[in-house]
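> output the structure for:
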Amino acid sequence: LTTYVDRFKTRLSASNLRYLKVLTNLTRAFVNVLQKEIAEVKKSAPEKRLTSLNDFLFECGQDTVNMFSLRRYLKESKVAHKIASYGERVRAGDDASWGGDWDGVGQVKIEAVGGSKFAVAPDPNANPRVSAVHALTSLIDALASADTDGRIIVERDESGTSASVRFILLDAASRFKRVVQQARSVILVGGTLAPIPELVSQLFPELNATTSQTVESSAHALKMFSCGHIIPRDNLLPLAVPVGPTGVSLDFTHGARSNVALIDELGRIVLNASRIAPGGACVFFPSFKYADDVYERWTKSGALASISAVKDVYREPREASALEQCLRDYAISVRGNGAANAGKARGAVLLCVVGGKLSEGINFKDELGRLVIMVGLPFANIADAELKARMDHLDAGVGNQGRGRAYYEALCMRGVNQSIGRAIRHVGDYACILLCDQRWGACGTSASRTKAAKALPDWIEQRLVVPERNFGEIQMRLAQFFKARTRQS
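Next up is the predicted model:
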């Protein structure tokens, strides 16, 4: 900002200079707050804190700034593009040739590929500071919102050496209302929109959504449509697993899941299933911390060595840079390294985390995902300040009690649906899903569905099998399923 102003101050109007000065002062104030946050490490301050928009501006000493006027200036002048583009040129050492490209679109380079030439845009990840100006304008746009629309989160990283500030939207309806008002009709399409009533309550609070297909109010009519899956019914086998091979009840609630006997029983389930299921198996844990605890226990108990004797074992890395190599190694273990070694593939077990990079957008089709094991229910930490703010906002107002809890439960089920949906990717695909927790259904209760089971997508819930007796029945069904699929292929 300062470099841009110094470079072009003779060409900028008084009005532009005034707004840029306000923008610079605002940025410095943000930085001062973050530096203060880092200094609070010695005082054992919380790593994440929430504040209202007005309180944050007051803390920054910028409560007198007209955020609406500044937001309008940034939108109309497109100055963020100009500053970002100029900053890119300066860091590239090409300031001397800057010709005053006030559209700020930057330059492209021409590369020859074969007999043709292509314009190649600069790598957007080459220097993250280029996008910082746009992040700043987005934050200013958020700060111009109504105070009740959202909250500001100031948080430090685990090392305590850096801090960040971000805006979270609490009132989604206030934003979505603009879309509804300007459009004749709106279509919401997705594979994980369920549970629909909770989604509707956030986007259309004036509607009282139920399980009916049409909900109407004086202003809107909402119609819901859901269809079954494209795969044949026999190509998916979801199994509720309430007990393990030795009869230990699977209670993965937060207070009970650290039980050593429970973790050991989970190891036996993964081992037995790995011996039957071909190809790859994806095991989803509710958090990285719990995945680490289980891995450590399995290492000490010898369970990891037993599983590794059957299939190769990989862990989802925390670092995004290591993800590609992990997936490549996993695929080689499942498919073999080339056609000549395809028959020598041992298969693999991939330990993943719900909400991690492997639970969304990754395609584990065919042999890469023949088995999915869901460990417990991935409920978020209800004490988290951000989650608590969202729940409190939803519960505010007469008649809204319970909306926060519905959001909390829907958040969990969407994580489950995203994760188990990694396996079935086309009409000829098939897989087995083990839902390891007694909350999916206790033995002998197949006639009734638990609350968790009812929240599954219809195409999974309709196929869900709850054992009548013990784990032996699960093992038998698992073996019969893959034997039938192998015979068909």
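> now stretch 175-195: buried residues?
193-195 (16 or more other CB atoms under 10 Å). Yep, even glycine has a C-beta here, placed from its N, CA and C like the rest.
> ok, stretch 316-327 next?
Applying 16+ other CB under 10 Å to stretch 316-327 flags 316-317, 323, 326-327 as buried.
> so where's the stretch 351-489 of the chain uncertain?
Along the stretch 351-489 of the chain, the parts satisfying pLDDT under 70 run over 398, 489.
> circling back to that earlier point, which among the buried residues of stretch 175-195 gets closest to Arg477?
Ala194 (25.7 Å; CB to CB).
> so what's the most centrally placed residue in the chain up against?
Centroid-nearest residue in the chain, with CA atoms, centre = their mean: Gly355, separated by 4.6 Å. By CB atoms under 8 Å, 6 or more residues apart in numbering, Gly355 lies in contact with 378, 415.
> element containing it?
Under the criterion DSSP states H and E, no helix or strand holds Gly355.
> check the gap between it and Ser419 for me.
8 Å (CB to CB, to the nearest Å).
> also Pro238?
13 Å.
> likewise Ala277?
17 Å.
> same check, this time on Arg463
17 Å.
> settle it for me: which of the two has more neighbours?
Neighbours per residue, other CB atoms under 10 Å: of Arg463 and Ser419, the larger number sits with Ser419, 25 against 17.
> who's in contact with that one?
Going by CB under 8 Å, 6+ apart, the list of residues near Ser419 reads 282, 284, 352, 354, 359, 372, 374.
> going by distance to Arg233, which of the residues you listed wins?
The closest of the contacts of Ser419, once distances to Arg233 are taken by CB to CB, is Val372, at 17.7 Å.
> which helix or strand contains that closest one?
Of the helices and strands defined by DSSP H and E, Val372 is found in strand 371-375.
> what packs against the next helix or strand after that strand?
Using DSSP H and E, the helix or strand that follows strand 371-375 towards the C-terminus is helix 385-395. Using 3 or more CB pairs under 8 Å, 6 or more residues apart in numbering; DSSP states H and E, the elements in contact with helix 385-395 are strand 48-51, strand 150-156, strand 163-169, helix 403-420.
> what sits up against helix 385-395?
Contacts of helix 385-395 (CB under 8 Å, 6+ apart): 46, 48-50, 148, 151, 153, 168, 170-171, 201-202, 380-382, 400-408.
> could you redo the last one with a cut-off of 10 Å?
46-50, 52, 148-151, 153, 155, 166, 168-172, 198, 201-202, 205, 379-382, 384, 400-408, 411 (CB atoms under 10 Å, 6 or more residues apart in numbering).
> list residues touching both of Pro238 and Ser419?
With CB under 10 Å, 6+ apart as the test, Pro238 and Ser419 both reach 372, 374, 433.
> which one of these is nearest Ala452?
Ranked by distance to Ala452 (CB to CB), the shared contacts of Pro238 and Ser419 are led by Met374 at 10.5 Å.
> that older thread, let's have the shared contacts of Pro238 and Ser419 in TSV, adding neighbour count and distance to Phe176.
What follows is those, written out as TSV (neighbours: other CB atoms under 10 Å; distance: CB to CB, whole Å):
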residue	neighbour count	distance to Phe176
Val372	25	33
Met374	25	31
Ile433	26	33
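> quick one: the strands in the stretch 51-200 of the chain, in order.
Secondary structure of the stretch 51-200 of the chain (DSSP state E, counting those that start in this stretch): strands located at 109-113, 116-120, 150-156, 163-169.
> OK, contacts around the closest residue to Ala144 other than its chain neighbours?
Spatial nearest neighbour of Ala144, chain neighbours left out: Met67 (4.1 Å); criterion: CB to CB, 6 or more residues apart in numbering. For Met67, the contacting residues are 22, 26, 53, 57, 140-145, by CB under 10 Å, 6+ apart.
> could you redo the last one with a cut-off of 8 Å?
Here Met67 is in contact with 57, 140, 143-144 (criterion: CB under 8 Å, 6+ apart).
> in CSV, list these along with distance to Arg335.
Shown next, in CSV, are the contacts of Met67 (distance: CB to CB, whole Å):
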residue, distance to Arg335
Leu57, 55
Ile140, 49
Leu143, 50
Ala144, 52
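> just checking, what packs against the helix ranked longest in the chain?
With secondary structure taken from DSSP state H, the chain has its longest helix at helix 14-39. Under the contact criterion of 3+ CB pairs under 8 Å, 6+ apart, helix 14-39 touches helix 2-8, helix 53-60, helix 67-77, helix 79-91, helix 132-143, strand 150-156, strand 163-169.
> chain center to the third one: distance?
Between the mean C-alpha location of helix 67-77 and the chain-wide mean there is a distance of 31 Å, by CA atoms, centre = their mean, to the nearest Å.
> one more: the fourth one?
Averaging C-alpha positions (CA atoms, centre = their mean) puts helix 79-91 31 Å from its chain's average.
> who does that helix touch, helix- and strand-wise?
Here helix 79-91 touches helix 2-8, helix 14-39, helix 132-143, going by 3+ CB pairs under 8 Å, 6+ apart.
> for these, which one ends up most surrounded?
Neighbour counts (mean count of other CB atoms under 10 Å) averaged over each of those peak at helix 132-143, with a mean of 18.
> residue ranges in the stretch 1-150 of the chain under the pLDDT threshold?
The model of the stretch 1-150 of the chain has pLDDT under 70 over residues 41-46, 92-130.
> circling back: need the buried residues of stretch 175-195 in JSON lines with pLDDT, can you?
Listed next are the buried residues of stretch 175-195 as JSON lines, based on pLDDT from 0 to 100:
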{"residue": "Leu193", "pLDDT": "75"}
{"residue": "Ala194", "pLDDT": "71"}
{"residue": "Pro195", "pLDDT": "72"}
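> could I get those in TSV, plus columns for distance to Ile187?
As requested, the buried residues of stretch 175-195 are arranged in TSV below (distance: CB to CB, whole Å):
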residue	distance to Ile187
Leu193	11
Ala194	16
Pro195	19
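> any idea how far Met413 is from the spatially closest residue to Arg422 that is not a sequence neighbour?
Spatial nearest neighbour of Arg422, chain neighbours left out: Phe364 (4.6 Å); criterion: CB to CB, 6+ apart. Phe364 sits 20 Å away from Met413 when distances are taken as CB to CB.
> higher neighbour count, these two?
Phe364 (27 against 22).
> could you tell me whether the more buried one really is in a strand?
No: judged by DSSP: H, G, I helix; E, B strand; the rest coil, Phe364 forms no part of a strand; its state is coil.
> tell me who's in contact with it.
280, 282, 422-423, 425.
> look up the closest residue to Leu377, ignoring the ones flanking it.
Leu377 sits nearest to Cys412 (CB to CB, 6+ apart), 5.6 Å away.
> contacts for stretch 47-60?
Contacts with stretch 47-60, where a contact means CB under 8 Å, 6+ apart, come from 26, 29-30, 32-33, 63, 65, 67, 142-143, 145, 147, 149-158, 165, 167, 384-386, 389.
> got the contact list for Thr192?
By CB under 8 Å, 6+ apart, the neighbours of Thr192 are 414, 417-418, 421, 457.
> any chance of a markdown table for those residues, columns distance to Phe482 and neighbour count?
Below are these laid out as a markdown table (distance: CB to CB, whole Å; neighbours: other CB atoms under 10 Å):
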| residue | distance to Phe482 | neighbour count |
| --- | --- | --- |
| Arg414 | 29 | 21 |
| Asn417 | 23 | 18 |
| Gln418 | 24 | 18 |
| Gly421 | 20 | 20 |
| Pro457 | 23 | 20 |
